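Peer 1: the following comprises the amino acid sequence and a computationally predicted model.
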Amino acid sequence: MSKHELTTDNLHYCWDNAIPPQLEIEPGDSVAFETRDASDGHAWGGFETRKAKDGHPLTGPVYIKGAKPGDVLEIEVLNIQTAKRGWTSFQPGRGLLPDDFSNSFLNIWELQTSEGWADFRPGIRVPLEPFCGVMGLAWNEPGEHSTIPPRRFGGNMDIKQLTAGSRLHLPITVEGGLFSVGDCHAAQGDGEVCITAIETDGLVNLRFNLLKDKHIPEPRFWINRPTATRGEEKGYFATTAHHPDLRYASQQAIRYMIEYLVDEHKLSAEEAYILCSVVVDLKISQLVDAPNWTVSAFLPNAIFI
């Protein structure tokens, strides 16, 4: 088993099986990937200027020798290190609440990586649990394809539980797999409701294993810890909403949470929306009591110090 490195010198911004691999490895090898934040560095100029059509900056592709369509690629997340700063933003027309805000908003975070926290406002700190929002393979459809929607070969899934120690399985559809990674997040709530988490640069160590002739329809993963390792010690406050449409119920649950944060913790509505995106977990509480489905939004009390 060998160790390799890939820098951000040759990024790509779409899924395209014609992009030549930057590295070829053997099954069992590990790779240390440098990754660039989702704005491709533009956020530090004062606002996140990357347009959605530009896609995520991705490091790769990596060609895994012996990988064939019908096999499964196992990615072991060995370690993730973030930069010392990050950002979260939203713009009108995007996110879970596209019509609720008329102006854009940007929050710059100083990440206390050695302590595992980031201060938001006086008395509020967010635990850091870094993961990569995008881990995926090229697929067998020719041409360029946006990195924004997730697909059955992975991509922009934004699964916050894929932290160090987790294992992700992806179905291979092209020879060599052609794996790429990016969109490092220092922290995120389930839902990433304002459309960004704490976005940051990263150094991501992954090991690749090849599972021959093990067909799976879509990604699967394993985690070796509770779904939240920090921030649970003081329990949660939750809001709920009920509606026949799950998306609308999710919107209402977040709106109620924003109201709570504004009323009880004196945040602006914009600050509350940002905080919801990085710490609040949306959960489906029930899908069987027709005609209304229940969505709950969980806020960890431990962020208030």
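Peer 2: Arrived safely, thanks for sending.
Peer 1: how about low-confidence regions in this protein?
Peer 2: Regions of the chain meeting the criterion pLDDT under 70 cover residues 45-53, 227-231.
Peer 1: how about residues contacting the lengthiest helix in it?
Peer 2: Ranked by residue count, the top helix of the chain under DSSP state H comes out as helix 246-265. Residues from elsewhere that reach helix 246-265 (CB atoms under 8 Å, 6 or more residues apart in numbering): 96-97, 100, 124, 191, 193, 237, 239-243, 267-269, 271-273, 275-276, 280, 282, 284, 287, 292-297, 299, 304. Any C-beta I mention is one placed from the backbone N, CA and C, and that applies to glycine too.
Peer 1: just the CA trace of that helix, in CSV.
Peer 2: What follows is helix 246-265 as a C-alpha-only set of coordinates in CSV (Å, rounded to 0.1, in the frame of the first residue of the first chain):
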residue,chain,number,x,y,z
LEU,A,246,-42.2,17.5,3.3
ARG,A,247,-40.3,20.5,1.8
TYR,A,248,-42.9,23.0,3.1
ALA,A,249,-42.9,21.3,6.5
SER,A,250,-39.1,21.6,6.6
GLN,A,251,-39.4,25.3,5.7
GLN,A,252,-41.9,26.0,8.4
ALA,A,253,-39.8,24.1,11.0
ILE,A,254,-36.8,26.3,10.1
ARG,A,255,-38.9,29.5,10.1
TYR,A,256,-40.1,28.7,13.6
MET,A,257,-36.5,28.1,14.7
ILE,A,258,-35.4,31.4,13.3
GLU,A,259,-38.2,33.1,15.2
TYR,A,260,-37.0,31.4,18.4
LEU,A,261,-33.4,32.4,17.9
VAL,A,262,-34.5,36.0,17.2
ASP,A,263,-36.8,36.2,20.2
GLU,A,264,-34.9,34.3,22.8
HIS,A,265,-31.2,34.8,21.8
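Peer 1: contacts for whichever helix or strand comes after it?
Peer 2: Next along the chain after helix 246-265, taking DSSP states H and E as the criterion, comes helix 269-279. Identification of contacts with helix 269-279 by CB under 8 Å, 6+ apart yields 88-90, 95, 97, 100-101, 103, 105, 107, 120-121, 124, 126, 187-189, 191-198, 231, 254, 257-258, 261-262, 265, 267, 297, 299-300, 303.
Peer 1: still on that earlier bit, give me the angle between the longest helix of the chain and helix 269-279.
Peer 2: Angle, helix 246-265 to helix 269-279, by axes from the mean of the first three to the mean of the last three CA atoms, to 10 degrees: 120 degrees.
Peer 1: next, count neighbours for Phe101.
Peer 2: 17 (other CB atoms under 10 Å).
Peer 1: hmm, it is touching Ser89, no?
Peer 2: No: counting by CB atoms under 8 Å, Phe101 does not reach Ser89; the two are 11.3 Å apart.
Peer 1: secondary structure element holding the residue nearest to Pro226 when sequence neighbours are not counted?
Peer 2: Leaving aside its chain neighbours, Pro226 sits nearest to Glu232 (7.6 Å; criterion: CB to CB, 6 or more residues apart in numbering). If you go by DSSP H and E, Glu232 is not part of any helix or strand.
Peer 1: pretty sure Glu232 sits against Phe298.
Peer 2: No: assessed by CB under 8 Å, Glu232 is found out of contact with Phe298, at 9.9 Å.
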